[in-house]
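*Asks:* okay, structure incoming, though there's no sequence with it:
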């Protein structure tokens, strides 16, 4: 056959549109003036692009993101156009791919006639994007620091504008908050307020983990995240800073671990 089929995986490297042995020839040995490569179904807009490497040739490459057309222009040999053809790539930076296969057509011209139309079909492979936690909100960094003073009220473990989002808009299924070094035993605990959500809250004292579970929106999990607090009722708290980790899951992927560090302030 003359056509080609390949796959593109979300978040992966740009995919080649032709094999390493693809050919461009002219029966009369004429020089070529152009190859037009058209992404016929531009479904993810400016997230999609075609590109080529024209190094060492007289060929110029120009891609129009509005039309999905990559034009290769310049008087050069069929061998030079073949070299460039083998470098053609398709890229898509969307985190929510439209899954319809992409149809990409090729037409070469020697200034007098044009080639038959050839087609590359690109199958799209989606990858689930994990939830994203930012405990510090719009401030620099994604982790959070705070102080817990002996005999004072429980302290919030995230900024008031902390965020929990899912790039694809998937519902969240759980958020686990773990006190990694519970040095004062049962005097220490974590808690959260799930009012107005479908989220259940369980403090697992044995594992020193606060488990938030139940399928709900990222917005609701974010709401509850902002209410998570640390309490310590010890009258002689260990002064070692506490390290508390957060991990959210959407059922397919887990977020990166985010951390709150709590400095312990003793009072006489």
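*Replies:* Okay, I see it. Computed from a predicted structure; not experimentally measured.

*Asks:* pretty sure residue 67 sits in a helix.
*Replies:* No: the assignment for residue 67 (DSSP: H, G, I helix; E, B strand; the rest coil) gives coil, which keeps it out of a helix.

*Asks:* and the nearest residue to residue 122 once chain neighbours are set aside, what pLDDT?
*Replies:* In this structure, residue 122 finds its nearest non-sequential neighbour in residue 102, 4.2 Å apart by CB to CB, 6 or more residues apart in numbering. For the C-beta atoms, the positions are set from N, CA and C on the backbone; glycine is no exception. Note on residue 102: pLDDT of 97.

*Asks:* can you check residue 108 too?
*Replies:* Reading off the model, residue 108 has pLDDT 98.

*Asks:* please apply the same query to residue 105.
*Replies:* So residue 105 comes in at 98 (pLDDT).

*Asks:* surely it touches residue 35?
*Replies:* No: when contacts are counted by CB atoms under 8 Å, residue 105 is not listed as touching residue 35 (10.6 Å).

*Asks:* between those two, who's got more neighbours?
*Replies:* residue 35 (24 against 15; other CB atoms under 10 Å).

*Asks:* can you tell me the SS state at that one?
*Replies:* Criterion first, three-state DSSP; result for residue 35: strand.

*Asks:* likewise for residue 240?
*Replies:* Per three-state DSSP, residue 240 ends up coil.

*Asks:* check contacts around it.
*Replies:* 181, 183, 264 (CB atoms under 8 Å, 6 or more residues apart in numbering).

*Asks:* PyMOL command to pick out the buried ones of those?
*Replies:* Only the buried entries of those go into this PyMOL selection, using 16 or more other CB atoms under 10 Å:
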select buried, resi 183+264
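
*Asks:* let me know the closest of the contacts of residue 240 to residue 253.
*Replies:* residue 181 (27.0 Å; CB to CB).

*Asks:* so what pLDDT did the closest one get?
*Replies:* The model's pLDDT for residue 181 equals 97.
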